[in-house]
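Trainee: Structure, please.
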Amino acid sequence: MKMKQALMTKPATIVFQEVEIPAVGANQVKLAIKKIGVCGSDIHVYHGEHPYTQFPVVQGHEIAAEVIEIGANVSSVQVGTNVTVQPQVVCGSCFPCQNGMYHVCEDLKVMGFQTTGLASEYFVIDEDKLTVLPDGLSFDEGAMIEPLAVAVHAVKRVSAIHNKNVLVIGGGPIGNLVAQTAKAYGASKVVVSELSETRLAMAKEVGLEVIDGKNEDLQEGISKHFGMQKADIIFECVGSSFTVANAINIARKGSIVVIVGVVSNLTEINMGFVQDHELQILGTAMYQSQDFDAAVDLLTEQKVEVKTLITNHVKFENYLEAYHIIEENKDKVMKVIIDVN
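Mentor: Now for the predicted structure:
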């Protein structure tokens, strides 16, 4: 039996091919893919600018699916269970893997980048990669679990978020979800700094305070919202050298700066300022299984809103259109979802 698969053969080019559906192993399941989200890293691949992805590549790592076949040893799901997928492939033997840090495996491969993604009608995958979607969560919400898990992991990098003043620089999908997650985990005040009117409006719609970066000085906005205490924790969610340096330069003494955005070039940092201010600068990368579970809990408990962030839907056969929508409407699009089955 064959299925359609979207193959990116070179930058900005996708062809559909008919491929055999793999047989299901004893510890595997077959998924009918329902929804696929497109993220910023996918756009880097679309431009041929992702440093760790070669062509041809099948993309797709933010997904929701239904289990339609299970292997003989599978016990955690059954036919008809709705799931999402943790898309990391790890070696299991390097230092990070052996010390509870498999998400930064020395030989990490991510589906859709260094190994085959899920942009197909069906996909066969190991049982231990699945996170069950409870009844009541839609497939659209299921496709948002992966980016929400990124946010959960970023917020949990800080040892204590409760009763803290939190500034999030960047109101895109990840920045918005980081802000919502920080608020859900008990931050006393969460403020998002953003340039886009659309993203500012969405931040307000999900109950966040904002700083209009186009029309308001960032330092003045910080003082207005937080007073003399300023921000205890700053999450940088843009991924540019400028915003990383700026996040550090506006930090209050003794505060924490978490770098969430993917920075592709070298950044000049005033290390004397970092030392004098006793800043903590933390990196955050991807997620672990417990972050997926926590993301599911946040949605089922209605502590985070994701459906508002979905601005566009595209049919599977029009896959490339998703990239065009994002490219042509950068400041107005949040999350584009591809409808498969």
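
Trainee: residue contacts, residue 52?
Mentor: Counting by Cβ atoms under 8 Å, 6 or more residues apart in numbering, residue 52 makes contact with 113-114. Backbone N, C-alpha and C define where each C-beta goes, glycine included.

Trainee: would you say it is within a helix?
Mentor: No: with DSSP: H, G, I helix; E, B strand; the rest coil as the criterion, residue 52 is coil rather than part of a helix.

Trainee: From residue 262, how far off is it?
Mentor: Separation of residue 52 from residue 262 (Cβ to Cβ, to the nearest Å): 11 Å.

Trainee: Please apply the same query to residue 50.
Mentor: Applying Cβ to Cβ to residue 50 and residue 262 gives a distance of 10 Å.

Trainee: Quick check: neighbours shared by the two?
Mentor: With Cβ under 8 Å, 6+ apart as the test, residue 50 and residue 262 both reach residue 41.

Trainee: what about those two, which has more around it?
Mentor: Applying other Cβ atoms under 10 Å to residue 50 and residue 262 shows that residue 50 carries more neighbours, namely 19 against 15.

Trainee: Tell me the secondary structure at the closest residue to the more buried one other than its chain neighbours.
Mentor: Leaving aside its sequence neighbours, residue 50 sits nearest to residue 44 (Cβ to Cβ, 6 or more residues apart in numbering; 4.1 Å). State at residue 44, reduced to three classes by three-state DSSP: helix.

Trainee: burial measure for residue 44, as a count.
Mentor: Counted with other Cβ under 10 Å, the neighbours of residue 44 add up to 17.

Trainee: pLDDT at it, what is it?
Mentor: At residue 44, the predicted lDDT confidence score is 91.

Trainee: Enumerate every residue touching it.
Mentor: Listed by Cβ under 8 Å, 6+ apart, the contact partners of residue 44 are 50, 53, 264.

Trainee: Just give the number of residues close to the last one.
Mentor: Pointing back at residue 264 there. 12.

Trainee: my guess is it meets residue 239, correct?
Mentor: Yes: counting by Cβ atoms under 8 Å, residue 264 sits close enough to residue 239 to count as a contact (7.4 Å).

Trainee: Touching, residue 212 and residue 200? I think so.
Mentor: Yes: assessed by Cβ under 8 Å, residue 212 is found in contact with residue 200 at 6.0 Å.

Trainee: more crowded one of the two?
Mentor: Each of residue 212 and residue 200 has its neighbours counted (other Cβ under 10 Å); residue 200 has more, 20 against 13.

Trainee: any idea where the strands of the stretch 1-150 of the chain begin and end?
Mentor: Using DSSP state E, counting those that start in this stretch, the strands found in the stretch 1-150 of the chain span residues 2-10, 13-20, 28-38, 62-70, 82-85, 88-89, 109-110, 122-126, 130-132.

Trainee: and of those strands, who's closest to residue 271?
Mentor: strand 109-110 (31.2 Å; Cβ to Cβ).

Trainee: what helices or strands is that closest one leaning on?
Mentor: Applying 3 or more Cβ pairs under 8 Å, 6 or more residues apart in numbering; DSSP states H and E, one finds that strand 109-110 contacts strand 88-89.

Trainee: strand partners of the strand it packs on, parallel vs antiparallel please.
Mentor: Paired neighbours of strand 88-89 in the sheet (DSSP bridges): strand 109-110 (antiparallel).

Trainee: any idea how far the strand it pairs with is from the chain center?
Mentor: For strand 109-110, the distance from its own C-alpha centre to the chain's C-alpha centre is 14 Å (Cα atoms, centre = their mean, to the nearest Å).

Trainee: likewise stretch 187-194?
Mentor: Computed by Cα atoms, centre = their mean, the chain-centroid distance of stretch 187-194 equals 19 Å.

Trainee: shared neighbours of residue 212 and residue 200, which are they?
Mentor: Contact criterion Cβ under 8 Å, 6+ apart; residues shared by residue 212 and residue 200: residue 194.

Trainee: Show the contacting residues for the residue nearest the centre of the chain.
Mentor: The residue lying closest to the centre of the chain (Cα atoms, centre = their mean) is residue 147, at 2.6 Å. The contact partners of residue 147, taken as Cβ under 8 Å, 6+ apart, are 37, 39, 62, 173-174, 177, 335.

Trainee: Show me the helices in the stretch 51-200 of the chain, by range?
Mentor: For the stretch 51-200 of the chain, the helices defined by DSSP state H, counting those that start in this stretch occupy 95-98, 139-143, 145-156, 173-184, 197-205.

Trainee: possible to save these as CSV with mean pLDDT?
Mentor: Output for these, formatted as CSV (pLDDT from 0 to 100):
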stretch, mean pLDDT
helix 95-98, 98
helix 139-143, 98
helix 145-156, 98
helix 173-184, 98
helix 197-205, 97
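
Trainee: closest to residue 285 out of the ones you listed?
Mentor: For the helices of the stretch 51-200 of the chain, the distance to residue 285 is smallest for helix 145-156, at 7.9 Å, taking Cβ to Cβ.

Trainee: how big is the angle separating the closest one from strand 62-70?
Mentor: Angle, helix 145-156 to strand 62-70, by axes from the mean of the first three to the mean of the last three Cα atoms, to 10 degrees: 120 degrees.

Trainee: and helix 145-156, how far from the chain's centre?
Mentor: Chain-centre distance of helix 145-156: 7 Å, with Cα atoms, centre = their mean.
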